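Trainee: Give the three-dimensional model of this entry:
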Amino acid sequence: MLSFVGIYIGLVFIISCSTILAIQQISEAEDNKYRYNLLSKLGAEKKVLNRALFIQILFYFLVPLLLAILHSIVGLNTVIKCIEFTADINIFSNTIFTALSILIIYGIYFILTYISSKNIINKG
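Mentor: Residues are numbered from 1 along each chain as shown. Prediction:
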């Protein structure tokens, strides 16, 4: 039951954070449309502009993810030791499954954000 509550809270948190990041990046792409248009007029290829946009969005998504992973590693080591000590239950496989699920959801938000931002920039 504790695993279910933890997974539910984690999924709600990751979806909320991903949504905020996506909205921020899409609105930033809308604000920067003029700048990308100007770079295109100066001779920058669409491929280069799209790559710069990809790296920018990747950075904004990876930094919080890496910090969350580091925080989770430290916290989960303690929780796993406490659970194994008190209940003699191995939750490692459940933890891996949950982490992979969260990474997939986060990755989908990243991809959708990049595609949406790219469409905004390329339409301008």
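
Trainee: quick one: I80 from T95, how far?
Mentor: According to CB to CB, to the nearest Å, I80 stands 7 Å off from T95. Heads up, the C-betas are built off the backbone N, CA and C, glycines and all.

Trainee: who's sitting farthest from the centroid in this protein?
Mentor: Here the chain reaches farthest from its C-alpha mean at T86, the gap being 34.0 Å by CA atoms, centre = their mean.

Trainee: any idea which helix or strand carries that one?
Mentor: helix 46-87 (DSSP states H and E).

Trainee: Output the contacting helices and strands for that helix.
Mentor: The contact analysis (3 or more CB pairs under 8 Å, 6 or more residues apart in numbering; DSSP states H and E) places helix 46-87 against helix 2-31, helix 33-41, helix 92-123.

Trainee: Put together a markdown table for these, with mean pLDDT and mean neighbour count on each row.
Mentor: A markdown table is the format used below for the helices and strands packed on helix 46-87 (pLDDT from 0 to 100; neighbours: other CB atoms under 10 Å):
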| stretch | mean pLDDT | mean neighbour count |
| --- | --- | --- |
| helix 2-31 | 81 | 14 |
| helix 33-41 | 90 | 14 |
| helix 92-123 | 89 | 15 |
